[in-house]
Structure formats: structure tokens, C-alpha cells
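# quick one, fold the following:
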Amino acid sequence: MIRVAFHGRRVGGWVVGLADRAETDKPLQPVLKVSGLGPPPDVLDLTTWAAWRWAGRRSALLRTASPPGMVVSLPPAPSELVTLSAPRRAESVTSSIGGVVAEAFGRARLAVVRVPPGEDLLPFVVEAAGRGDALVLAPSLSAAGFLAARLRRMGHPVAVVPRDWARAAAGGCVAVGARAAAWAPRPALGAVVVLDEHDEGYQEERAPTWNARDVAVERARRAGVPCVLTSPCPSLQALAAADLVTPARADERAGWPVVEVVDRRAEPPGSGLYSQRLVAVLRQAQPEARVVCVLNRKGRARLLACAACGELARCERCDGAVSLETVSPGAGELACRRCGAARPPVCLACSGTRLKTLRVGVTRVREELELLAGRPVAEVTADTDAGLPPPDAPVLVGTEAVLHRLAGALVPAQGPARARVVAFLDLDQELLASRYRAAEAALALLARAARLVGGRAGGGRILLQTRLPASEVIDAAVHADPSRLAVVESARRAALRLPPEVAMALVSGEAAPAFVAGLAGTPGLEALGPSAGRWLVRAADHDVLCSGLAATARPQGRLRVEVDPLRA
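Model prediction:
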């Protein structure tokens, strides 16, 4: 990594190759400073591929693959890789999963393992660690840190990337990290493991929208080493690309908790979020066996209407729905999450000040649950303080952040994070979400809840309140068989020509019309739109899609290209 003079400024850059002679007749300027070591040659080549694969700038990928600070030298590598004794290795492997681990790593190519949520994932990491410089990806930084601590206790040298970038580059250790760790330097890559490969946290939201799972798979393919993806509910993308390894049906059923479905179709309108069964469960809750309620709606009220004229409460700036947010005890304001505008709780149509709630948020739900349960209820969302919730709260309510907070360590049902029941107050909101991956995302949410309550033998359960009891997602969870959803969803995607049946990209921004016009006539590409200022570009596979995007000149102006969009 170097710094050079460019238009009167000192800018950073990367040396990605050397030439015998200059490609210009102009005088060359000296390098002002060598900042330190950068990505190794194999990662440099990978960034070139990824820039093409996700239609983005290579510099953004090089920045992610570089050390977070200046690295001028590497620490000495261990003289030999630490190999655990057979008894120590056996400590991490249960009889139900030992055969699955061996089968997954014994495959000649990529393998995806359907591991039930009640099973520990450490055996896959231990197996990879014994094969050389292993690369292990976890869906979050907290999960990666927890996993690294467990490996160190077992005697493995570990580098947590990107913090320990230099240690990973020296080799002789296991590199563990979240999304950015897919670019970690590995001098002698021996195996790659991606835990919970379905997790949306592996995909970068900024363009280029690269996916760490796919980067890791390509890296293992180039190195010719085993790559194992684990998930309780593998994504269709992984199932289309890899060999599926599953445990015995009895073992898989034992790894899922009991799933109880509360069918609310027969209940009268206006009965709210709280079924009789839910209220009974809440009143039995105890701090040592708490109940966790999930509702993906923040604030006090997410949809309101004027009590006088019936008009929906909407934003005067962008016409979006506004929610009631508490600004001080006894006082609130209407806030728009789309544009950020705020105003007092007044109807724009008739100036009425009485608003009725049509769809409540978790803050209002917490207040109502305290009255129903007769005991303290704590609220957990992405905006609340980090760390575990109060240990003396027998009932928790929050968005899906409460599941990430309690079950983010990839270890099922242990310690203060233990819950006896996880109740989804409005599962239909997840099932009917307006994106093509809604069913997969809903099952992933149930799998995370299952990890929190533990397997069937632990006595925990998941409570689903729904008016869609025949949904394939619920069927898959009840029978502890994710393939029941995968088969139906795969056929549905094929009929609708959605990934993984096709490769897809979303194009948006002020320069999008000109860019899409430039794509016209490219063989194999189909452009649909515009819809809400976005165009959908499809092709039979990524070779056709990415080659077409790369061959089209980018016009002046803001342009965003999302390859493999999550929320289309």
C-alpha cells in the first residue's frame, strides 16, 4: 500500500503489479510513501473477479481486503500447526453429528450441511482447523469473537480478522471473522467454513453488493480446498451450487424444538395481537425460563388513523405512513421513517388530535404485555443498549434484534440467554413481506428462535400466531424439515424466473435510464421497469449478466447496481 501525488493531493493506492516499462511518455512521479503491506497476490486476483461479479469498483474491494492499520512486517508464524489430540478433538463432536462432519469434508467439492439449530457448530470449525490455515466466517462480529474464544480455550492459535490481519497473514492459525474476513490473507489455505450461510449479514449493502459466502466459495475453488457451508435452513442459492449433506431424520427432529401454531382465523376482528394461549404462557413466565415475544415493528404505533375522520396518518413531505414515537414521558410525535420528517400528533385532513392505532409497535406492546402478564416486560430493539437484557425480566419483547442479541453466539440454549418460549406475535408480517426471499427469511427467523430455546429434549417451544397455518414455512418448522419449503419455493422461483433460476440485478439512480438504454440489445439480458425508479435486469446466469453489465459504458451521474439484491 502506497501514497502518491495525484492532482495536488496525497492519495492512497495499491501496487497490484509490476511492469518492465512505463505505458506513458509522460515523466513518472515518485512514490511518496510506502504505507505498509497490502492484500496478497491471490486476494488481488480475487478482487478483480469480484469487481466483475458484482459490477462494482475494484478499489472498494481492495479497501475491505486491506489491513485496518499500517502493517510493515508480519509476526513469526508457529513452527508447526497445532493439532489437537484425538480425545480433545472428540470433546467438540457429538455422536449425532460426527458422521455429518466427516462426510461434508470428505466431499470432492463444495458441500452444504443442514445442521439443526439445536446442534453446536464447533465440530466443523475444529475439523477445518486441523487441515492447515483455515478460514471461518461467522454471521456477526460477536459470533466470531465468541467462536475465537472457544478455539483458544482448546489450544488453537486464532486470528480475529480484521483486527489480527497481520497474524492471519503470517499463517499457522485459524482466521475467524464476519463478512470482511472473506478477504483475510491466508498463506496456505487449508479449508473454508461458512457458518449460517443463509444469513443476510454476509451481503454488503453498499455497492458493490458482494456476498462473503460466494467470495469464500470462489476462494476455496481456486485453492482446491474443501469448502463447507452450514445452515439449519440452507438458501436456495447454496442448494443449487453445492452437494447437500443432512443428518439422520431422528437427529434433525431432535435438534428443533416443539413448534406450536395458534390459528387465529376463527378469532373475531379486532382481537389484537394477544391470543388466549399467548396470555396463558406469559402468566407462567419466570426469569430462569423467560418468554421472548417478537414483533418486527419499532415504536409505539406503526399505523394510525384519525379517530374523527378516519384518514390515515401520513407524512406531509413524502406521503409515507408515520409512526408515533415517544419523545418524553407522556408526550409523543409523528415521525416518518422514510424521509425523517416529524410533527405533533395532528391529523392533516381535519386537524383532529385523537388518533387510533391500527398497527402497534413494540413500545406499545410492551406496555400492554405488562398489563396482561402482571409482571415486568423488557423491550429490546436495535436502538436499545447493547448487551444482554435485564436478567430479572421474565418477559422480553422486541424486533428480531432480540433474537440476534440473545442467540448471536451460534451456541444453542446456554446460560443467561436461555428462553423457554419464543412467541411470534404477527408471523404473517414476515410471511407476506413484499420481497421474493420472504419465505426463506421467515424460516431463518424461526431457526434463530429455535437456537435460542434449544432442541426438543430441552422442553422449550416456539409459539406462532398466524392466520396462514398452511404456509410452507410453518409446515417446514413444525416437521423440522426445511426441505418442505425448499422444494415448493424452488418451483415457485423457477416459474417466476427469480434467483437462483436466473441471475438478477437492480439498477437505480439518476443515471439509471441512460445505463439501461445502453444495455438494450445485449444478447441474453432482459430489462424490466421502471418501478419506483428501479429497473430489474435478468439473465440466464451470472456470466451473461455480469459480462453485459461490465461491457456497458457508465454514464455521468449517480448509478447504483445491485447484483443479487436481497430485497427485490
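
# which helices and strands sit right next to the longest helix along the chain?
Using DSSP state H, we find that the single longest helix of the chain is helix 438-453. Contact analysis of helix 438-453 by 3 or more C-beta pairs under 8 Å, 6 or more residues apart in numbering; DSSP states H and E lists strand 290-294, helix 401-406, strand 419-424, helix 427-431, strand 461-466, helix 472-478, helix 483-496 as its packing neighbours. No exception for glycine: its C-beta is placed from N, CA and C like everyone else's.

# where does residue 378 fall, secondary structure wise?
strand 377-380 (DSSP states H and E).

# thinking again about what came up before, would you turn the helices and strands packed on helix 438-453 into TSV with distance to residue 214 and mean neighbour count?
Shown next, in TSV, are those (distance: least, C-beta to C-beta, whole Å; neighbours: other C-beta atoms under 10 Å):
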stretch	distance to residue 214	mean neighbour count
strand 290-294	29	26
helix 401-406	23	23
strand 419-424	30	26
helix 427-431	25	21
strand 461-466	30	23
helix 472-478	24	22
helix 483-496	18	16
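
# name the strands paired with the strand holding residue 378 and say parallel or antiparallel.
Its sheet considered, strand 377-380 pairs with strand 395-398 (parallel) by DSSP bridges.

# in the partner strand, what counts as buried?
Residues 395-398 are the ones in strand 395-398 that count as buried (16 or more other C-beta atoms under 10 Å).

# follow-up on the earlier one: tabulate the CA atom coordinates of the longest helix of the chain in PDB.
The C-alpha trace of helix 438-453 is given here as PDB (Å, rounded to 0.1, in the frame of the first residue of the first chain):
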ATOM      1  CA  ALA A 438     -39.700 -13.600   2.300                       C
ATOM      2  CA  ALA A 439     -40.300 -17.300   2.900                       C
ATOM      3  CA  GLU A 440     -36.600 -18.100   3.300                       C
ATOM      4  CA  ALA A 441     -36.100 -15.100   5.600                       C
ATOM      5  CA  ALA A 442     -39.100 -16.200   7.700                       C
ATOM      6  CA  LEU A 443     -37.800 -19.700   8.200                       C
ATOM      7  CA  ALA A 444     -34.400 -18.300   9.000                       C
ATOM      8  CA  LEU A 445     -36.000 -16.200  11.800                       C
ATOM      9  CA  LEU A 446     -37.700 -19.400  13.200                       C
ATOM     10  CA  ALA A 447     -34.400 -21.200  13.100                       C
ATOM     11  CA  ARG A 448     -32.700 -18.500  15.100                       C
ATOM     12  CA  ALA A 449     -35.500 -18.700  17.600                       C
ATOM     13  CA  ALA A 450     -35.100 -22.500  17.700                       C
ATOM     14  CA  ARG A 451     -31.400 -22.000  18.600                       C
ATOM     15  CA  LEU A 452     -32.400 -19.800  21.500                       C
ATOM     16  CA  VAL A 453     -34.800 -22.300  23.100                       C
END
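
# ok, back up a step: now the strand holding residue 378: average pLDDT?
Averaged across strand 377-380, pLDDT comes to 89.

# repeat that for stretch 361-373.
Taken as a whole, stretch 361-373 carries a mean pLDDT of 89.

# which residues does it contact?
273-274, 279, 282-283, 285, 293, 295, 297-302, 323-324, 326, 357, 360, 376-379, 381, 394-395, 397-399, 425 (C-beta atoms under 8 Å, 6 or more residues apart in numbering).

# separation between residue 143 and residue 402?
Relative to residue 402, residue 143 is positioned 16 Å away (criterion: C-beta to C-beta, to the nearest Å).

# can you check residue 344 too?
Distance of residue 344 to residue 402, computed by C-beta to C-beta: 31 Å.

# hmm, residue 14 is touching residue 3, no?
No - using C-beta atoms under 8 Å, residue 14 is not in contact with residue 3; the gap is 10.9 Å.

# rewinding a little: list only buried entries from the contacts of stretch 361-373.
273-274, 282, 285, 293, 295, 297-302, 323-324, 360, 377-379, 381, 394-395, 397-399, 425.
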